[in-house]
Structure formats: C-alpha cells, structure tokens
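# For reference, the sequence and a predicted model appear below.
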Amino acid sequence: QVQLQESGPGLVKPSQTLSLTCTVSGGSITTNYHYWSWIRQPPGKGLEWIGYIAYSGSIYYSPSLKSRTSISRDTSKNQFTLQLSSVTPEDTAVYYCARAGSAGTPDYWGQGTQVTVSS
C-alpha cells in the first residue's frame, strides 16, 4: 500500500517561498510510469494541479505557476519537494501530494496540509 505524507510550515509570509516535502512509503518514486504530483485546493475553489516529477526525473509544471514553481526529488529518501516562490495570500490552500499513473489520474493521495500565506 502506497502512502504519501506532506510536511512543511503551515504559515508563510507574503513574498517568501513556500516549501513542502512529500514522503512516500510502500513504493519507490523511481518505479516506471508513475508521476508524483503536487495539487492544491484554495478555500471555496476546486483542485488545481501544480506540477509533477516523473519516475524518470523529468518535470512538468502548470503554465500558470511555472515561473514560481520548482519541484525536485531525493531518491535516497524517497521524497519529492515543492517550492513556490513569491507567495501571496492567493496561494493559501490545502496542498496535496499524489501519485498518478500513465493515464494521469491520481490513485494515491496524501492527507493534505493547510498552508496559509499571511503576515
């Protein structure tokens, strides 16, 4: 059973960088054809896909967030990370990490972590 767990600060000040880590257990992040994603849900809004890092290490970002987003991984720790720079209160959301297969639909999710951007 694959499990994902997000970790990181719950409060970030405007203009700073939001940093989150997803720790994966029960499966390797280098296993073929899995895509390790970051997704967020602002209050009162739908899910927004941020980007993913593939099993191969290739990375793809949502065009709307690309200029501020960096996703990386540490295969020795079976973790992948999200950094979102120059945050504003509009970046306040529940942030999820998730695994998707080739079809793109996530099949395993972390429980989500609330991140609030406020001074």
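Structure's in. What do you need? Numbers count the residues shown, from 1 in each chain.
# Ser28 belongs to a strand?
No: counting by DSSP: H, G, I helix; E, B strand; the rest coil, one finds Ser28 to be coil, located in no strand.
# Any figure for the gap between it and Val2?
Plainly put, Ser28 is 10 Å away from Val2 if you go by C-beta to C-beta, to the nearest Å. The way it works is simple: take the backbone N, C-alpha and C, and place the C-beta from them, glycine included.
# Over to Gly10?
Per C-beta to C-beta, Gly10 is found 24 Å from Val2.
# okay, these two: which has more neighbours?
Using other C-beta atoms under 10 Å, the more surrounded residue of Gly10 and Val2 is Val2, with 14 against 8.
# Let me see the contact set for that one.
24-27, 99, 108 (C-beta atoms under 8 Å, 6 or more residues apart in numbering).
# can I get the residues you listed in JSON lines with pLDDT and neighbour count?
Formatted as JSON lines, the contacts of Val2 follow (pLDDT from 0 to 100; neighbours: other C-beta atoms under 10 Å):
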{"residue": "Val24", "pLDDT": "98", "neighbour count": "23"}
{"residue": "Ser25", "pLDDT": "97", "neighbour count": "10"}
{"residue": "Gly26", "pLDDT": "96", "neighbour count": "10"}
{"residue": "Gly27", "pLDDT": "94", "neighbour count": "15"}
{"residue": "Arg99", "pLDDT": "97", "neighbour count": "22"}
{"residue": "Tyr108", "pLDDT": "97", "neighbour count": "18"}
